[in-house]
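Q: Quick one: sequence plus predicted model below, questions after.
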Amino acid sequence: MDCTDYRMMVTMREDGELGPDRLAMLDAHLSVCGACRVFEAAVRETTALHASLVEMAPPPSILEGVIAEVGRPARAGLFAGWRRFAVPAAAIFVLVAGVIAGGQIGRTTLGADGDADASFGLEYLEEYPPGSVGDLVVSYLEGGETDE
Ligand SMILES: [Zn+2]
């Protein structure tokens, strides 16, 4: 345990989450560590300040101000509403560009009737990859010859 652990315990004690055995450990550390005592004092002060705050309901004028601000009509102009369409337009552009690029990549790497496993070197994902014991057994059971 280092000072970071003890400082975590200080905050846990403030929340009432520390059992008696760990409380004793914390007190023993605080008796010999001045830096953690400073931290403990700051935590106590912050907790006391927080507890002294009173909860207030916002005055009704704030809500009226927000409604008045939000309800205002947008500025009129040629490009006044462009932001509303910018994100969907960008998303559609990226989607279309991705489909086009994917099609191009597929045509250049696979050819018109290409085999994806062979083109991308994914033979090892097959049930019995080439060169595996399974491939050897299957070819033996099928009566075929191995290629070795
Ligand atoms: Zn310490």
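A: Alright, I've got the coordinates.

Q: What mean pLDDT does the helix or strand harbouring Thr11 get?
A: Counting by DSSP states H and E, the element that carries Thr11 is helix 3-14. Regarding helix 3-14, the rounded mean pLDDT is 94.

Q: which other residues reach that helix?
A: Contacts of helix 3-14 with the rest of the structure, by CB atoms under 8 Å, 6 or more residues apart in numbering, involve 18, 22-23, 25-26, 29-30, 33, 35-36, 39-40, 43-44, 47. Placement of C-beta: from N, CA and C, glycine included.

Q: can I have it written out in PDB, keeping just the CAs?
A: Coordinates of each C-alpha in helix 3-14 appear next as PDB, following Å, rounded to 0.1, in the frame of the first residue of the first chain:
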ATOM      1  CA  CYS A   3       0.000   6.900  -0.200                       C
ATOM      2  CA  THR A   4      -2.300   6.700  -3.200                       C
ATOM      3  CA  ASP A   5      -4.100   3.800  -1.600                       C
ATOM      4  CA  TYR A   6      -4.300   5.600   1.700                       C
ATOM      5  CA  ARG A   7      -5.700   8.700   0.000                       C
ATOM      6  CA  MET A   8      -8.400   6.600  -1.600                       C
ATOM      7  CA  MET A   9      -9.200   5.200   1.800                       C
ATOM      8  CA  VAL A  10      -9.500   8.800   3.100                       C
ATOM      9  CA  THR A  11     -12.200   9.500   0.600                       C
ATOM     10  CA  MET A  12     -13.900   6.200   1.300                       C
ATOM     11  CA  ARG A  13     -13.900   7.000   5.000                       C
ATOM     12  CA  GLU A  14     -15.700  10.300   4.200                       C
END
